[in-house]
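# One predicted model, sequence on top.
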Amino acid sequence: MKNRIKLYVVFVFYVWVLPVKGQTISPDTLTPVLDYRTFLKEVAARNMAYAAEQYNIQLAEANLLSAGIFPDPEVEVGLFDNAQRRMKMGYGVSSGISWTMELGGKRRARVDVAQNEVELTKLMVEDFFRHLRADATLAYLRAIHSGLVLHVQEDSYQQLLRLAQADSVRLRLGSITQVDARQSKLEARTMRNEVFAAEADQQAAYAHLLLLLGREEQESLPLLEGDLQVGARTFMLPTLVLEAQDNRADLKAALGSKHISHKMLQLAKANRVIDLGVSVGMEYNAEARNEMAPSPSFTAVQAGVSIPLKFSNRRPGELRAAQYGILQAEKKYELVELTIKTEVRQAFYTYQAAAKQVEQFNAGLLEDAKAILDGKVYSYQRGETSLLEVLDAQRTYNGVQQSFYQALYDYAAALVELERATGIWDIDL
């Protein structure tokens, strides 16, 4: 009876009391603290891909300035000599200015196209941020999920290590066999490898966050605030489809492309209109002292109009291209509209399935697995069950924990994808 009590005290001491040095990243080493809202603000301010995308707006606005420029005038200056030294016919100076007068509303058509391209570019940048915000949120959730999985693996490792240490003492006391002691030690070492893998996953998740933030690799990882609990929401599929059609920037961009295609047709028609060349000049002739035909000096003023022969209008390639561009833009708009409806439906069904999976765990699945493990450990302490049953219960509990965190992540990710597809955003972690 005394030996049994002694063994029980030793077991409890090693398994539940004795602290074991592990590799869990403690909050003290994770600095600074990074909450979700701050993370999104920094992504919007520092993400390199988004910053590069925003320059497209400045480029489009610069093209708008170029579209409104009038044709430049041309100045011509000339000097001629009529062999004054030999024939004494005198010399002269000529000058003039010419300018192309655009007709048919070419400049107005160019400006309209450029203005629509500016608006289209802004919508495309807005749509880029919609995807960036969702991708950044998923990366933030993955980092939280990897930390939870690491905690599960590290906690299991420490418990198995304490169990192995207790079994080594029990082996010396002769209460268990050498096979059981080796088995518990082997399980602890195996779990240690899983901890290493979980640590690598967490490091990779944090590296992705740093990429989104436009930062270099840091020695200390930020401590992420928040969890995978995003809260339950009730959605109606028809309402989501209507909201997506109102909110999605890519659908607005497709509509803008339709407008641009019509403006391009107007520009093509304007380019077929004949332009006029207007010129004004002056010519000065010096006095001619030729004995046979002397003449005084004089100044001549010239003005003229040039009309190009538009043989190129016989080949309406630009006009046909603009007409086909309208048809193409209409088909693309219909495709984007259909794609949005499909994406919303797919995301909605995925969200519903993920919500049902979380409900299974909320119904007590995790608590049942923990109760089974505690019961097996208690029985093992009393010598009423084998080590293999304890290890099997430990694996089951670990699997249920990881499945629970995975279900929470899948649910949160499904919500992100649903709101990405709908064009709404109310997520806060």
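Noted; the coordinates are in hand. Numbers count the residues shown, from 1 in each chain.

# Low-confidence ranges, this protein, go.
Within the chain, the stretches with pLDDT under 70 are 1-31, 82-90, 217-221, 290-293, 363, 380-382, 387.

# Which of the three states applies to the spatially most central residue of it?
By Cα atoms, centre = their mean, the chain has its centre lying nearest to residue 132, at 2.8 Å. Following DSSP: H, G, I helix; E, B strand; the rest coil, residue 132 is assigned to helix.

# Contact partners for it?
By Cβ atoms under 8 Å, 6 or more residues apart in numbering, the contact set of residue 132 is 43-44, 47, 49-50, 212. Yep, even glycine has a C-beta here, placed from its N, CA and C like the rest.

# Check residue 313 too.
Listed by Cβ under 8 Å, 6+ apart, the contact set of residue 313 reads residue 272.

# from now on call the first residue 382
Fine by me, first position is 382 from now on; the one you just mentioned is residue 694.

# Surely it is within a strand?
No: counting by three-state DSSP, residue 694 is not found in a strand; it is helix.

# Tell me how far it lies from residue 429.
Here the distance between residue 694 and residue 429 works out to 47 Å (Cβ to Cβ, to the nearest Å).

# What of residue 626?
As defined by Cβ to Cβ, residue 626 lies at a distance of 32 Å from residue 429.

# Which one of the two is surrounded by more residues?
Each of residue 626 and residue 429 had its neighbours counted (other Cβ atoms under 10 Å), and the higher figure belongs to residue 626 (16 against 11).

# Quick check: what element follows the host helix or strand of that one along the chain?
In this structure, residue 626 sits in helix 618-628 according to DSSP states H and E. Heading C-terminal from helix 618-628, the first helix or strand you meet, by DSSP H and E, is helix 630-652.

# name the helices or strands packed onto that next one?
Packed against helix 630-652, as judged by 3 or more Cβ pairs under 8 Å, 6 or more residues apart in numbering; DSSP states H and E, are the following elements: helix 487-554, helix 698-741.

# export those helices to CSV and tack on distance to residue 665?
Converted to CSV, those look like this (distance: least, Cβ to Cβ, whole Å):
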stretch, distance to residue 665
helix 487-554, 36
helix 698-741, 44
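
# To residue 778, which of the ones you listed lies closest?
Among the helices and strands packed on helix 630-652, helix 487-554 comes nearest to residue 778, with 8.1 Å by Cβ to Cβ.

# when you compare where the closest one runs with where helix 630-652 runs, what's the angle?
160 degrees (axes from the mean of the first three to the mean of the last three Cα atoms, to 10 degrees).

# Just put the contacts of residue 513 in CSV and tack on distance to residue 503, secondary structure and neighbour count.
As requested, the contacts of residue 513 are arranged in CSV below (distance: Cβ to Cβ, whole Å; DSSP: H, G, I helix; E, B strand; the rest coil; neighbours: other Cβ atoms under 10 Å):
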residue, distance to residue 503, secondary structure, neighbour count
424, 19, helix, 22
425, 15, helix, 14
428, 18, coil, 20
430, 17, helix, 12
431, 14, helix, 20
593, 22, helix, 21
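
# and the two most separated of the residues you listed?
Checking the contacts of residue 513 against each other with Cβ to Cβ, the farthest-apart pair comes out as 425 and 430, at 11.6 Å.

# Next one: residue 619 relative to residue 625, how far apart?
Distance, residue 619 to residue 625, by Cβ to Cβ: 11 Å.

# Between the two, point out the one with more neighbours.
When residue 619 and residue 625 are compared on other Cβ under 10 Å, the one with more neighbours turns out to be residue 625, at 22 against 8.

# isn't that one right up against residue 800?
No: contact status for residue 625 versus residue 800: not in contact, 10.0 Å apart, counting by Cβ atoms under 8 Å.

# isn't there a helix covering residue 477?
No: counting by three-state DSSP, one finds residue 477 to be strand, located in no helix.

# Enumerate every residue touching it.
Counting by Cβ under 8 Å, 6+ apart, the residues that residue 477 touches are 456-457, 660-663, 683.

# closest to residue 553 among these?
Closest approach between the contacts of residue 477 and residue 553, by Cβ to Cβ: residue 456, at 106.9 Å.

# element containing the closest one?
Here residue 456 is assigned to strand 455-462, by DSSP H and E.

# what are the pairing partners of that strand, and which direction each?
Each strand that pairs with strand 455-462, with its direction, by DSSP bridges: strand 472-482 (antiparallel).

# Many thanks, we can stop here.
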